[in-house]
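Structure, please.
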Amino acid sequence: METWVYFTILHAVFLAFFEASKKKASEKNSIYEVLAFFSLIGFIITAIITRDALAIDYRYMPMIFLKSSVVTVAWILGLTALKQMEISLYSMVRISSIIITVILSSIFLGEVITVTSLIGMLIVITGLILVNKTTTKEESKNSSLKVIFILLLSCLFNSISAIIDKKVLAYVNSGQLQFWFLLFLAVYFWLVLIIRRQKIDFSNLKKNYWIVLAAISIVTADRLLFKANQITDSQVIIMTMLKQLSVIISVILGKILFDEKNIIKKLLYSILIICGIGVMFI
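Reported below is the predicted structural model:
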């Protein structure tokens, strides 16, 4: 199996822990506090482990800045939706990003969409519909169409970010991309926090270790993904499919951390979705 496949699978594992940590962190502090502090902590970690961040070819800085801008919007929208829905349902709906990414990869990277890929996408959509039918009355109230639309918009921006990754990593290394990306991201989120004039709850922040766990998880997940993207033979479409392995882990974490209901059904439907992803490999 190719090295970039292993990198992407490990990325999926850490991504699931990142999403769970974000949701737990937002229970104690506001969305904007969580985003500002975990991006800052993530940048500090990256600055420590990256030795050649300043040796980057600055001609590609605008692309990294664009990526940071796109991700800022995506994460604000995503965390807004996450606070109003179950993490397992949130993870399922986010799988729709694979369809968006497949289309964008075909348009901008020239990757081929086959008939089996289309069949796989239909299976994924079926799985998403079935997952939504497992929600209780209370869950349905929280997961309104408006919230789902916000999350789908977040998926679109994340898909655009994935295309930028593949393009820019042909000219800069994974450490350089992560350093500047997290620097711009931290600046964005702190500006948002300041503009909103939101009072920072330092007493809760000191005890909110979930923010630190979120930072560690995203730094590790992104570094693995960037390394995978940097390998010439890697394909965004296949990587996007592999990233969906985080769904199964998210469903399990939803039960452990949030005592979410209908986990068995959601787990079974998540396997259906993974099967759809598998079909797209044929």
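
and residue 25, what is it in contact with?
Taking Cβ atoms under 8 Å, 6 or more residues apart in numbering as the criterion, residue 25 is in contact with 34, 38, 208, 210, 211, 213, 214. Backbone N, C-alpha and C define where each C-beta goes, glycine included.

give me the element the fourth one is part of.
Element membership for residue 210 (DSSP states H and E) is helix 209-230.

Just name whatever secondary elements that helix is in contact with.
helix 3-25, helix 31-49, helix 145-168, helix 174-195, helix 236-243 (3 or more Cβ pairs under 8 Å, 6 or more residues apart in numbering; DSSP states H and E).

how distant is the longest one from the center of its chain?
From the chain centre to the centre of helix 145-168 is a distance of 9 Å (Cα atoms, centre = their mean, to the nearest Å).

and that helix, what other elements does it pack with?
Here helix 145-168 is seen to pack against helix 61-82, helix 87-94, helix 97-108, helix 209-230, helix 236-243 when contacts are counted using 3+ Cβ pairs under 8 Å, 6+ apart.

Looking at those helices, which is nearest to residue 149?
Across the helices and strands packed on helix 145-168, residue 149 has its closest neighbour in helix 61-82 (8.9 Å, Cβ to Cβ).

For that closest one, name the packing helices and strands.
The criterion is 3+ Cβ pairs under 8 Å, 6+ apart, and the helices and strands that helix 61-82 contacts are helix 3-25, helix 31-49, helix 87-94, helix 145-168, helix 174-195.

Sort out which residues of that helix are buried, please.
63-64, 67-68, 70-79, 81-82 (16 or more other Cβ atoms under 10 Å).

out of the helices and strands packed on helix 145-168, nearest to residue 130?
Distances from residue 130 to each of these were compared using Cβ to Cβ; the shortest belongs to helix 87-94, at 9.3 Å.

Residue 59: what's it in contact with?
For residue 59, counting by Cβ under 8 Å, 6+ apart, the contacting residues are residue 171.

Can you tell me the SS state at it?
Remark: residue 59 carries the secondary structure label helix [criterion: DSSP: H, G, I helix; E, B strand; the rest coil].

ok, it to residue 190 distance?
The span separating residue 59 from residue 190 equals 27 Å under the rule Cβ to Cβ, to the nearest Å.

swap in residue 179?
Taken as Cβ to Cβ, the span from residue 179 to residue 190 is 17 Å.

So which of the two has more stuff around it?
Set side by side, residue 179 and residue 190 show unequal neighbour counts under other Cβ atoms under 10 Å, the larger going to residue 179 at 23 against 16.

and that one, what is it in contact with?
By Cβ under 8 Å, 6+ apart, residue 179 lies in contact with 43, 46, 47, 50, 53.

so which of those comes closest to residue 124?
residue 46 (32.7 Å).

Quick check: the gap between the closest one and residue 226.
Looking at residue 46 against residue 226, where the rule is Cβ to Cβ, the gap reads 11 Å.

Between these two, which contacts overlap?
Shared contacts of residue 46 and residue 226, counting by Cβ under 8 Å, 6+ apart, come down to residue 178.

Next, the contact list for residue 214, please.
Contacts for residue 214 (Cβ under 8 Å, 6+ apart) come out as 18, 21, 22, 25, 34, 38.

Setting aside sequence neighbours, what's the nearest residue to the first one?
Right, residue 18. With Cβ to Cβ, 6 or more residues apart in numbering as the criterion, residue 18 has its nearest non-adjacent residue at 3.8 Å, and that residue is residue 217.

Mind putting the helices and strands packed on helix 145-168 into CSV with distance to residue 280?
Listed next are these as CSV, based on distance: least, Cβ to Cβ, whole Å:
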stretch, distance to residue 280
helix 61-82, 23
helix 87-94, 17
helix 97-108, 8
helix 209-230, 18
helix 236-243, 6
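
With mean pLDDT added, can I get those helices in TSV?
Supplementary listing: the helices and strands packed on helix 145-168 in TSV, determined by pLDDT from 0 to 100:
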stretch	mean pLDDT
helix 61-82	90
helix 87-94	67
helix 97-108	85
helix 209-230	94
helix 236-243	84
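
Fine by me, we can end here.
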